[in-house]
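> Test case, fold it:
(one chain, ligands or ions: 2)
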Amino acid sequence: MTATTHLPTATILGYPRLGRRRELKRAIESYWKGQSDEAALQQTARELRASTRAHLVELGLPAAGGAVPESFSFYDQVLDATLALGAVPQRFADIAGSDLVTYFALARGDRDHQPLEMTKWFDTNYHYSVPEIDERTPFAANPAQLVAQLAEAAEQGIASRPVIVGPVTYLLLAKASDEAAAGFQPIDRLDEVVAVYGELLSALAGAGAQWVQLDEPALVSDSLPVPREQTLELVARAYTALGATADRPRILLTAPYGDASSALARLGALPVEAVQADLVRGSLPEAELASGELAAAFADTQLLAGVVDGRNIWKTDLRAAFGALERLQRAGIATAATTSNSLQHVPHDVRDETRLDAELASWLAFADQKVEQVVILARGLAEGAAAIESELAAVDAILAARAQTAGVRVDDVRTRVDAVAGADRERADEEERRAAQQALDIPELATTTIGSFPQTAEIRRARAAFGRGELGQEEYDEFLRAEIARVIRLQEEIGLDVLVHGEAERNDMVQYFAELLDGFAVTEHGWVQSYGTRATRPSILWGDVSRPAPMTVAWSAYAQSLTDRPVKGMLTGPVTILAWSFVRDDQPLADTASQVALALRDEIDDLVDAGIRIVQVDEPALRELLPLDADRQAAYLDWSVGAFRLATSGAAPGVQIHTHLCYSEFGEIIDAVDGLDADVTSIEAARSRMDVVEPLGAHGYSRGIGPGVYDIHSPRVPSVEEQQELIRIAAARIPGEQLWVNPDCGLKTRGYEETVASLTNLVHAARAVRAGA
Ligand code: MET
Ligand SMILES: [Zn+2]
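Residues are numbered from 1 along each chain as shown. Ligands and ions are numbered 1, 2, ... in the order given. Next up, the predicted model:
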């Protein structure tokens, strides 16, 4: 191995995987349904990989030298690593069939097996399959898929670079299996796992790989089972061992998704040939750069600068990005231009968007445009700044024009945000609110749902027909009113106490609002993988946000007109709207959040004027945006909680404000949950058997709380006894007058049959506990 052979100066860490038109999604789902066989699916996958590689080369990545990453996945990159390590949990040992059959069984479960758990990948909206490890988990290198892809690439004349989640990150993201002894931690098995990585590397070298990429985002996170300094020690240990592998490709060690600056000099000194640093979320270690310490550490190692943002869809300020590259070059460090992280979190190509405003489109860079930006920077590295001056100037001009465009800064919106005072984020005190809300006449252990009812095929058909113009506005509205009336009647029959209108009018809980607020745009093809074959189409928040007209009032008021029981008005909170959109990068998130909050505040006013007495503001993404970096967490919690309070604090004491949290562990941010100051908080809990109740009880939480007693993630109908048991667990820690009874989350993905049965049981369970059972 010669340390002087560098990676080409342009590369990316990964590329979207479902295909430009989600071809892979369709092929996999048809295979799942038994409409095609494995051979057909493998063929589609091969074609997609081949066209992706060819496309990346067309966009300017060199075909030689390992610049093109092999970032394909049938479902998830962590699951890929599980298969490559042969780390299939014992409970799946009885599965017969090909690797792919096992792979999908782990991902999705089958009749006899619960799938691996899924959880969010760092601070993104992507979910990975959590490895289950114990003392007996077998490890054995299974390089077949990696080697096959390398060979496919070689046949195309492309020397590609296999990508694998690194050993430390893999184990730190794993959980101990149910069979593990108390106290066992997956990371205890690091040395054995590293040995298997060594075998994978040897196999790749044997198959002709020049480079391999090992991703270690664990390096930037303070939210893992071990403190960050210890993660760095583990990485040092693992890569010292891997570096000594006799026959191996050159190693690119990446630290995406955050700030690895304090670890960088240490990483440079490891026996790897290249290290990538995320310079969008992170920075260069200034002192070490100035002192020459960084250059010394990187004397034999290339430092890839992740200057093009892989988390967002804005064109990168190329001049600033090139500045960072030049500084490294001047310091005598071999560098290359790359992305902050894999481009799997952005859509394919702005050129596919035919309906976007042309000016807005000119500001954007999806994956393909990001590759082009990387290629420009690489040319600057090779040929000098003058060679790319016209490209830098073009981006300067676009950014300058963007800043001046009408709608980017709206005076009225800014004046209003500037005038926000502390008092605007304060409701009346709890006592006063509790007294005023007596009028709502809500029983102890009140039953309710989270908002959405099943989105039936009929609803989706009507929405699509309306979208195509085949169904007129009048008819569509009539359809939705009938749907609302049906859902209200159903809830009364089931005996729920606090009702919802069912959200049939919403395509998505964020996009619905994005389409009605000024400052947002929506895309046609901007799909981003959320997990497996599932993708979402985040909206683009590009300008100052305001609300031209009420957004939900007509539906909620209609629902309330049909019943004497309270109907909850239903809004998506400011943090979640930001988290699930692509948000402008030209001002702090906190400022954008205030704008969204004020729009929601007006909506709440209008709902209350229309006779709504309870408003729920959902914040399922509150935990998701929590920075990986502990130093940044307090500031985040401050502005995110502040935005929620700004949205809700205009409500009079008699208006009951609810919020809803799900998808994450909230136990560790109970102070922030408390800080939201909602009168009632529903929170996902059934799947974890009420884990959150313990920290809530310990915290001395004083307002209403509804830990979910019905897991809506599966079609299984929980019995009365089962839900009763969960209510009792909660009641042991939380006083009955504070306790609400509700499912874990909305019911939109469920069918009606199971929904009615489950909610009927839920109501019976609540009544039984009320009656002292
Ligand atoms: C992901 S949280 C979902 C909340 C929304 N109100 C619903 O019921 O679907
Ligand atoms: Zn939810």
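
> got the contact list for the residue in the stretch 201-350 of the chain positioned nearest to ligand 2?
Residue of the stretch 201-350 of the chain nearest ligand 2, by C-beta to the ion: residue 223 (20.6 Å). To be clear about C-beta, it is placed using only N, CA and C from the backbone, and glycine gets the same treatment. By C-beta atoms under 8 Å, 6 or more residues apart in numbering, residue 223 lies in contact with 626, 628.

> For it, give its distance to residue 705.
Distance, residue 223 to residue 705, by C-beta to C-beta, to the nearest Å: 24 Å.

> What about residue 440? Give its phi and psi, please.
The phi/psi pair for residue 440 (degrees, to the nearest 10) reads phi -70, psi -20.

> for residue 648, same thing?
According to degrees, to the nearest 10, residue 648 has phi -110, psi -10.

> List the contacts of the closest residue in space to it that isn't next to it in sequence.
Among residues not flanking residue 648 along the chain, residue 657 sits closest, at 4.8 Å (C-beta to C-beta, 6 or more residues apart in numbering). Contact analysis of residue 657 by C-beta under 8 Å, 6+ apart lists 427, 614, 615, 616, 617, 648, 651, 678, 679, 680.

> Nearest to ligand 1: which residue in the stretch 601-750 of the chain?
residue 746 (2.1 Å; C-beta to the nearest ligand atom).

> gap between the residue nearest to residue 122 when sequence neighbours are not counted and residue 95?
Nearest residue to residue 122, sequence neighbours excluded (C-beta to C-beta, 6+ apart): residue 257, at 4.6 Å. Here the criterion is C-beta to C-beta. By it, residue 257 lies 33 Å from residue 95.

> what about the two, which has more around it?
Legend: neighbour count by other C-beta atoms under 10 Å for residue 257 and residue 95, higher for residue 257 (28 against 16).

> Assign a three-state SS to the more buried one, would you?
coil (DSSP: H, G, I helix; E, B strand; the rest coil).

> Confirm for me that the residue of the stretch 601-750 of the chain closest to ligand 1 is in contact with residue 450.
Yes: judged on C-beta atoms under 8 Å, residue 746 makes contact with residue 450 at a distance of 4.6 Å.

> that older thread, need the phi and psi values for the residue nearest to residue 648.
phi -100, psi 120.

> How much space separates it from ligand 2?
Remark: distance between residue 657 and ligand 2 (C-beta to the ion, to the nearest Å) = 17 Å.

> Reduced to three states, what does the residue nearest in space to the middle of the chain come out as?
Centrality entry for the chain: nearest residue to the mean C-alpha point is residue 125, 0.6 Å, by C-alpha atoms, centre = their mean. Put simply, residue 125 is coil when judged by three-state DSSP.

> ok, now which ones touch it?
Contacts of residue 125 (C-beta under 8 Å, 6+ apart): 345, 528, 530, 536, 579, 580, 621, 624.

> any idea how far it lies from residue 641?
20 Å.

> Next one, pLDDT for the residue nearest to residue 648 please.
pLDDT recorded at residue 657 is 98.

> just residue 3 next, same as before
Reading off the model, residue 3 has pLDDT 41.

> ok, now the one 10 residues further on?
In the predicted model, residue 13 carries a pLDDT score of 98.

> what's the burial count for the residue nearest to residue 141 when sequence neighbours are not counted?
Distance criterion C-beta to C-beta, 6+ apart; nearest residue to residue 141, sequence neighbours excluded, is residue 199 at 3.7 Å. The number of residues packed around residue 199, counting by other C-beta under 10 Å, is 16.

> next one: residue 256
27.

> residues near residue 243, how many?
Neighbours around residue 243, by other C-beta under 10 Å: 17.

> just the one 4 residues further on next, same as before
Residues lying near residue 247 (other C-beta under 10 Å) number 12.

> Touching, it and residue 205? I think so.
Yes: between residue 247 and residue 205 a contact is recorded at 4.8 Å, counting by C-beta under 8 Å.

> re the thing from before, now the residue nearest to residue 141: how far from residue 248?
For residue 199, the distance to residue 248 (C-beta to C-beta) stands at 10 Å.

> Near ligand 2, which residues of this structure are found?
620, 662, 745 (C-beta under 5 Å from the ion).

> mind running it again at 6 Å?
Listed as neighbours of ligand 2 in the chain under the rule C-beta under 6 Å from the ion: 450, 620, 660, 662, 745, 746.

> So the third one, which state does it fall into?
Right, the one you point to is residue 660. At residue 660, secondary structure determined by three-state DSSP is strand.

> Also the second one?
Assigned by three-state DSSP, the conformation of residue 620 is coil.

> Use 835 as the first number from now on
Fine by me, first position is 835 from now on; the one you just mentioned is residue 1454.

> check contacts around it.
1410, 1494, 1495, 1496, 1497, 1498, 1579.

> With the third one instead?
For residue 1494, the contacting residues are 1284, 1285, 1450, 1452, 1453, 1454, 1515, 1516, 1517, 1579, taking C-beta under 8 Å, 6+ apart as the criterion.

> Quick check on the nearest residue to the fifth one once chain neighbours are set aside: phi, psi?
Leaving aside its chain neighbours, residue 1453 sits nearest to residue 1407 (4.0 Å; criterion: C-beta to C-beta, 6+ apart). Geometry field for residue 1407 lists phi and psi as phi -80, psi 160, criterion degrees, to the nearest 10.

> so where's the chain uncertain?
By pLDDT under 70, the weakly predicted segments of the chain are 835-838.

> ok, now how distant is the residue nearest to the centre of the chain from ligand 2?
For residue 959, the distance to ligand 2 - C-beta to the ion - is 14 Å.

> Which parts of the stretch 1235-1384 of the chain are helices?
1245-1252, 1264-1271, 1291-1301, 1307-1328, 1345-1350 (DSSP state H, counting those that start in this stretch).

> what about the residue nearest to residue 975, distance to residue 1076?
With C-beta to C-beta as the criterion, residue 1033 and residue 1076 are 11 Å apart.

> coming back round to it: of the contacts of residue 1494, which belong to strands?
1450, 1452, 1515, 1516, 1517 (DSSP state E).

> Those also near ligand 1: which ones?
Among those, proximity to ligand 1 is found for residue 1452 (C-beta under 6 Å from any ligand atom).

> Now a ChimeraX select for only the buried ones of the ones in strands among the contacts of residue 1494.
A single ChimeraX command selects the buried members of the ones in strands among the contacts of residue 1494 (16 or more other C-beta atoms under 10 Å):
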select :1450,1452,1515,1516,1517
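
> so which pair among the ones in strands among the contacts of residue 1494 is furthest apart in space?
In terms of C-beta to C-beta, the ones in strands among the contacts of residue 1494 reach their longest pairwise distance at 1450 and 1517, which sit 12.5 Å apart.

> Test my guess that residue 890 contacts residue 845.
No: Residue 890 lies out of contact with residue 845 (C-beta under 8 Å); the separation is 9.5 Å.

> Domains of the protein: list them as residue ranges, please.
885-1238, 1276-1604 (automatic domain parsing).

> Relative to residue 1254, which of the ones you listed is closest?
Among the domains of the chain, domain 1276-1604 sits nearest to residue 1254 (C-beta to C-beta), with 6.3 Å.

> what's the straight distance from one end of the closest one to the other?
End-to-end distance of domain 1276-1604 (C-alpha to C-alpha, to the nearest Å): 13 Å.

> Near whichever residue of the stretch 1085-1234 of the chain sits closest to ligand 1, how many residues? Count them for me, please.
Across the stretch 1085-1234 of the chain, the shortest distance to ligand 1 (C-beta to the nearest ligand atom) belongs to residue 1179, at 19.0 Å. By the criterion of other C-beta under 10 Å, residue 1179 has 24 neighbours.

> Quick check: phi and psi at it.
Per degrees, to the nearest 10, the backbone of residue 1179 is at phi -90, psi 10.

> my read: it touches residue 957, true?
No: using C-beta under 8 Å, residue 1179 makes no contact with residue 957, being 10.8 Å away.

> Can you point out the buried residues in whichever strand or helix holds residue 1558?
Residue 1558 belongs to helix 1554-1567 when assigned by DSSP states H and E. Buried residues in helix 1554-1567, counted by 16+ other C-beta under 10 Å: 1554, 1556, 1557, 1558, 1559, 1560, 1561, 1563, 1564, 1567.
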